[in-house]
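> What shape does this take:
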Amino acid sequence: MEVIQRSTSVALAIPQEIIDYILDFFLALNFSHPFPSPDDLSLRNLAAIATTSQAFVIPVQKHLFSKRRLDTGTDYTFYNEFLSRKPHIANYTQNLTLALHDAERSGRVATVLAEVLQNFTSVQHFKVEGIAVNSEVCWRTVNSNLKSSILYISRLLTLKSLRLVAINNFHFSDLKPSSLGQMLILSRVTGAEDKNEALPVPHLKRDPPEALGHVVGYFGLTIDRVNIKAWEQIVGTSSLSISRLEVSYPTTPLYINLSELPLLHALKLRVWHTFIRGGETTLSTILRSAGVMSSIGDLDCTILIFHPTALRGACAGLDAVLSGSKYLKLRRFSLHITTMPFTAATILQATGNENLEDYYRQELPGLVSRGVLSLEVTASSH
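Residues are numbered from 1 along each chain as shown. Got it, this is the predicted structure:
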């Protein structure tokens, strides 16, 4: 008993900043998974630290509950009761992930989960991920209570990013960010066909904080395999706020119209398909579709090339567009090209260049002369 009292007094004499640093160091050494299971030895060791001194309790709680992953296939009745007794615990959660399974999401289990979500007030990064056997989860089939709680978190003032993955028939008009600076990240998400379908909003413990401030659009947008309906609905509500856009797609969607985003100043494009069969056509079409892009300062393109014979015209098209009057404020154009080893060898043999960087710099004279080109070329079979 004497030893315990002595160790406790020593712990209390340590500045709180040192205690936090010790815990951070401990976590960096022991946690390998972002969402460790309750049986994880490191997690149990961290919980044991809190028993040594009251000074460790709150820092340990902040670490233990900073990240949470919930799913619709679990009954959270006990967890909901726990949060009702200790509501401050939910305030420590900054990274929250919700897995939506394609199984039935109605009834008591979904209602309890909806109530659990209403306890979180300080979430900074929120991810909603559809878990389906064959495809995406349909937003229309999600329990209405659960929908309302998801939208509640999406409108928190503390939220910095909202990530939606593998969800179809989503109503983007329901997303109303409450603060400027939020990022919207979408992967395999499609927009709803019926824009007039009303979302039932039942009475919950806490309503979405729409009245906390002026409703603004998203600052940044990242989309991967998003259909035209989703693009139209997002731009319809956030076109006057989006300044950073990142687009990735495996095919050739030509619906992206940059002139709809007047404040856009940073653009990142990933074109993964064959250059000769649409890469340059898609890229140049998107860039030409813009009006006078006086705000664009940073442009980043990643391109995968298979065919070695059509590159001259492709590069010429890019050089002509980006060296024109629409992109006078372009400060940096980063071009990342990955090509197959056979394609690289064919190019070097045909042109007499010693490396691929020299070849592409010769094909982009306008950008080189302006001093804005940052080029990276790799040959990979993966």
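> what pairs with the spatially most central residue of the chain across the strands?
In the chain, the residue lying closest to the centroid (C-alpha atoms, centre = their mean) is Ile185, at 3.7 Å. Here Ile185 shows beta-bridge partners Arg163, Thr222, assigned using DSSP bridges.
> wait, it sits on Leu162?
Yes - using C-beta atoms under 8 Å as the test, Ile185 is close enough to Leu162 to be in contact (7.0 Å). Bear in mind the C-beta positions are built from the backbone N, C-alpha and C, glycine included.
> Show the model's pLDDT score for the residue nearest to Leu373 when sequence neighbours are not counted.
In space, Leu373 comes closest to Leu367 once its chain neighbours are excluded; the distance is 4.2 Å by C-beta to C-beta, 6 or more residues apart in numbering. Note for Leu367: predicted pLDDT of 89.
> What is the strand or helix carrying Leu367 packed up against?
Secondary-structure assignment from DSSP states H and E places Leu367 in helix 365-370. If you count contacts as 3 or more C-beta pairs under 8 Å, 6 or more residues apart in numbering; DSSP states H and E, helix 365-370 packs onto helix 311-322.
> for whatever helix or strand comes next after the helix it packs on, packing partners?
Once helix 311-322 ends, the next helix or strand along the chain (criterion: DSSP H and E) is strand 332-339. Applying 3+ C-beta pairs under 8 Å, 6+ apart, we find strand 332-339 packed against strand 298-305, helix 356-363, strand 373-379.
> Least confident of those, on average?
When these are compared by mean pLDDT, strand 298-305 comes last with a mean of 78.
> Mind giving me the packing neighbours of that one?
Here strand 298-305 is seen to pack against strand 266-271, strand 332-339 when contacts are counted using 3+ C-beta pairs under 8 Å, 6+ apart.
> Can I get the helix or strand following the last one in CSV, CA atoms only?
Read it as strand 332-339. Proceeding C-terminally, strand 332-339 gives way to helix 341-351 as the next helix or strand, assigned by DSSP H and E. Taking C-alpha atoms only, helix 341-351 is exported to CSV below (Å, rounded to 0.1, in the frame of the first residue of the first chain):
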residue,chain,number,x,y,z
PRO,A,341,8.3,-1.3,-69.2
PHE,A,342,7.7,-2.4,-72.8
THR,A,343,6.1,1.0,-73.6
ALA,A,344,9.0,2.9,-72.0
ALA,A,345,11.6,0.9,-74.0
THR,A,346,9.7,1.4,-77.2
ILE,A,347,9.5,5.2,-76.6
LEU,A,348,13.2,5.5,-75.8
GLN,A,349,14.2,3.4,-78.8
ALA,A,350,12.0,5.3,-81.2
THR,A,351,13.1,8.8,-80.0
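> Show me what helix 341-351 is packed against.
With contacts taken as 3+ C-beta pairs under 8 Å, 6+ apart, helix 341-351 sits against helix 356-363, strand 373-379.
> If we use 10 Å, what do you get?
For helix 341-351, the packing partners by 3 or more C-beta pairs under 10 Å, 6 or more residues apart in numbering; DSSP states H and E come out as strand 298-305, helix 311-322, strand 332-339, helix 356-363, strand 373-379.
> Can you lay out these as a markdown table showing mean neighbour count?
Written out in a markdown table, the entries for the helices and strands packed on helix 341-351 read as follows (neighbours: other C-beta atoms under 10 Å):
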| stretch | mean neighbour count |
| --- | --- |
| strand 298-305 | 19 |
| helix 311-322 | 18 |
| strand 332-339 | 18 |
| helix 356-363 | 17 |
| strand 373-379 | 15 |
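> Is it possible to get CSV of these that adds distance to Asp174?
Putting the helices and strands packed on helix 341-351 into CSV (distance: least, C-beta to C-beta, whole Å) gives the following:
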stretch, distance to Asp174
strand 298-305, 31
helix 311-322, 37
strand 332-339, 35
helix 356-363, 44
strand 373-379, 39
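> quick revisit: among the helices and strands packed on strand 332-339, which comes closest to His265?
Evaluated with C-beta to C-beta, the helices and strands packed on strand 332-339 place strand 298-305 nearest to His265, the distance being 6.9 Å.
> if we can go back for a sec, TSV please, covering the helices and strands packed on strand 332-339 and showing distance to Gly130.
Putting the helices and strands packed on strand 332-339 into TSV (distance: least, C-beta to C-beta, whole Å) gives the following:
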stretch	distance to Gly130
strand 298-305	26
helix 356-363	39
strand 373-379	33
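> re earlier: list residues touching both of Ile185 and Leu162?
In terms of C-beta atoms under 10 Å, 6 or more residues apart in numbering, Ile185 and Leu162 are both contacted by the residues His125, Lys127, Tyr218.
> where exactly do the strands run in the stretch 101-250 of the chain?
Counting by DSSP state E, counting those that start in this stretch, the stretch 101-250 of the chain forms strands over residues 125-131, 137-138, 161-170, 183-191, 220-224, 244-249, given from the N-terminal end onward.
> Only C-alpha atoms, please: export the third one in PDB.
To tie it back to what came earlier, the one meant is strand 161-170. Coordinates of the C-alpha atoms in strand 161-170 are reproduced here as PDB (Å, rounded to 0.1, in the frame of the first residue of the first chain):
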ATOM      1  CA  SER A 161     -14.400  15.700 -43.500                       C
ATOM      2  CA  LEU A 162     -17.300  13.500 -44.500                       C
ATOM      3  CA  ARG A 163     -16.400  10.300 -46.400                       C
ATOM      4  CA  LEU A 164     -19.100   8.200 -48.100                       C
ATOM      5  CA  VAL A 165     -18.200   4.800 -49.600                       C
ATOM      6  CA  ALA A 166     -20.200   2.300 -51.600                       C
ATOM      7  CA  ILE A 167     -23.700   3.900 -51.300                       C
ATOM      8  CA  ASN A 168     -26.100   4.300 -54.100                       C
ATOM      9  CA  ASN A 169     -29.300   6.400 -54.500                       C
ATOM     10  CA  PHE A 170     -27.900   9.000 -52.100                       C
END
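> What angle do strand 220-224 and it make with each other?
Direction vectors for strand 161-170 and strand 220-224, defined by axes from the mean of the first three to the mean of the last three C-alpha atoms, to 10 degrees, enclose an angle of 50 degrees.
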